[in-house]
Every structure is written in C-alpha cells, then in structure tokens.
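>>> here's a sequence, model it:
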Amino acid sequence: MNPTFSKLGLVMTSASLLLTLVACSGKTNSPSAAPETKERDLIVAERMGSLKESFLNCLAHERNGQIHCRDASDYGAIYRQLDNDIALEESGKVLSQGDVNTPIDKYAELSATALMFQYAALSGEPLNYEEMAETYSPEYHAERDGFKRADMMAQLKPALDEGVQKARSNHTYYMSIGCPCRFNIGAIFLNSYDMNRKLFEVKQYGKPYAPEHETFSPSLNKLSFNQMTPAKSIVLGNLHDYKILKIADESVARQIEAARKDGFGMKLYLYAQQAKGGEVLFHIVKADLLGNDGNTLATIAQ
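Below you'll find the predicted structure:
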C-alpha cells in the first residue's frame, strides 16, 4: 500500500516516513484545513524539485524488489527547511544563501569560537560575556577565583566585542566532514556511479575529523562543539542536497569510482543565515569532494 502525503506531492512507501513528516509539520491534511494551509502545502510540493526525481527512482527500484530510498528523517529535514523558508518569505524576510563565486580565501575556518561570535552577531540576543569568555579563554574557563575572573573579564571584553563586530560583517566559513585518513575512520562512502543520471549517491556520511567536534548527526543536519559553554549547534540546512553528487564529467567520475573503497572527505563552504534557540543555520554554498589523500576530486554546487 502506498499512502499519499499531499505536502510533498509524492507517493510515500514507508509508514515511518509518513509519521516523520506529520510529526515535523505539526499539521494535518484534513478536508477542513484552512485555505492558507492548503496553499502552503502546494508551495512545498512545488519546491521539491530533484527530490521528486530521486523518490520516483526509489519507487522504480522498489518495484524491482530493491530498496533504494532515503531515510525518513531526510524527508523530515527537507520539509522543515522548506516550511521555514516559506514562513520567512511570508514575513517579508529572505535569507541570503551566499555567493558561489566568493573567493576561497574569504572563508574562515568554522571553530567553536567562530560559531560563538556568529551566534552573538546574528541572534539579536543581549551579549552574554560570561558565556563567551568561557568558550573564548581556556584560562578563564579553568579559573575559579572570583576576583581573578573579574580581572580577566575586564581584559577579555574588548576582544569579545571585536570578535562579535567582525562576525557581523563576515558570514562565510568552511568546515570538513568525513575523514580522508588511514583506516577509513569516519569516512564518507558513495554508492556506485549511476551512469544514466550521471551522479553518485552518498551511502554513508562520516564524522567531522577535527577533534573539537563532539557530535554530528547527518540525518538531523546538526553538529556541535564540545568546548562550548553552553553548547551552540551548527545546522546545515541544505545538507540533503549533497547526498546526491552530480558528476557529468566521465573522467572525473571514473577517478571517483576507482577511489570509492577508500572513502572520501568533504570540505563544505558555508554561509551563516540566522541564529536562534542555540542554533546557527548555515547554507552550504558548495563542497569539495576530497580523496583519501586530501586532494580535491570534484567541486559540487547544488
């Protein structure tokens, strides 16, 4: 049985997928739904784009007795992002997605400190110097003498103000996921090249390979740093777009195919869009697919 969920305009093949989307949306599609809700449903359906193609391909595999579908959580993340985009448009706000032509040297490394400053710059919340100092200065974090902490705060405050000010004028960062290293620890793995559609599908995402990254959940598109007090999270709003890597150049595809058994890394070029509730939303502007030796095999902009 293939129940239909009108929010996506797609035929759903999994009961868990249906439940995930209903839970994410917090709405139902009853005949009595308000006109504005129905209109939003249509907008969401129109914006599924390549997801429709991917899902129809999934159905074709299923009919052949194979399972080739995305996880239910992927669709939930996509719906949440689309619903958020539409809500912003309705309020008259448009989130910048960055510029794919921005020079590479304009991207700063996304560290815990950079994330802290970016959150302070975008959230509009009053600056919490105590929290920022805990992340910014290991010495301040370790000090327990109240008088010494007060003296240290007086010295740190100008640097914290400067960091926030710089973050207000720069929202471009890079970070790496997967692990192009020996033993394939946390590497990204791809399915075999689809010659008809000229693409690779990500079979498994790896973890961030910088030691300060504490947790990463690709299905939730969320990552956090373990030295932040309290923790702030990176949300990769369009990570689902990078689970399908379009490679039209056959020579490049052959090179990637030959390296599949070793696993890959991925360098993400990001643009910080908004911050609230302890999370900073980033848009992936483009990504470098890295070989096991760390060299760039392909640059993808979805």
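>>> so where's the longest helix in the protein?
helix 146-169 (DSSP state H).
>>> check which residues of that helix are buried.
Applying a neighbour-count criterion of 16 or more other C-beta atoms under 10 Å, one finds Arg149, Met152, Leu156, Leu160, Gly163, Val164, Ala167 buried in helix 146-169. Using the backbone N, CA and C atoms, a C-beta is placed for each residue, glycine as well.
>>> send the alpha carbons of it over as CSV?
Once non-C-alpha atoms are left out, helix 146-169 reads as follows in CSV (Å, rounded to 0.1, in the frame of the first residue of the first chain):
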residue,chain,number,x,y,z
GLY,A,146,36.0,35.1,41.5
PHE,A,147,38.3,38.2,41.8
LYS,A,148,40.7,36.8,39.2
ARG,A,149,37.8,36.0,36.9
ALA,A,150,36.6,39.6,37.2
ASP,A,151,40.1,40.9,36.4
MET,A,152,40.3,38.5,33.4
MET,A,153,36.9,39.6,32.2
ALA,A,154,38.0,43.2,32.1
GLN,A,155,40.8,42.2,29.8
LEU,A,156,38.8,39.9,27.6
LYS,A,157,35.8,42.1,27.0
PRO,A,158,37.4,44.3,24.3
ALA,A,159,38.5,41.2,22.4
LEU,A,160,35.0,39.7,22.7
ASP,A,161,33.4,42.9,21.4
GLU,A,162,35.8,43.0,18.5
GLY,A,163,35.0,39.3,17.6
VAL,A,164,31.3,40.0,17.5
GLN,A,165,31.8,43.1,15.4
LYS,A,166,33.8,41.2,12.8
ALA,A,167,31.3,38.4,12.8
ARG,A,168,28.6,40.9,11.8
SER,A,169,30.4,41.7,8.6
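>>> for Ser192, the count of nearby residues, please.
Using other C-beta atoms under 10 Å, Ser192 is surrounded by 10 other residues.
>>> I should have written Asp194 there, sorry.
Using other C-beta under 10 Å, the number of residues around Asp194 comes to 15.
>>> quick one: contacts for it?
By C-beta atoms under 8 Å, 6 or more residues apart in numbering, the contact list for Asp194 reads Phe200, Glu201.
>>> and the one 5 residues further on, by the same measure?
Residues in contact with Leu199, defined by C-beta under 8 Å, 6+ apart, are Tyr193, Ile244, Leu245, Lys246, Ile247.
>>> skip ahead from the longest helix of the chain and say which helix or strand is next.
Using DSSP states H and E, the helix or strand that follows helix 146-169 in sequence is strand 172-178.
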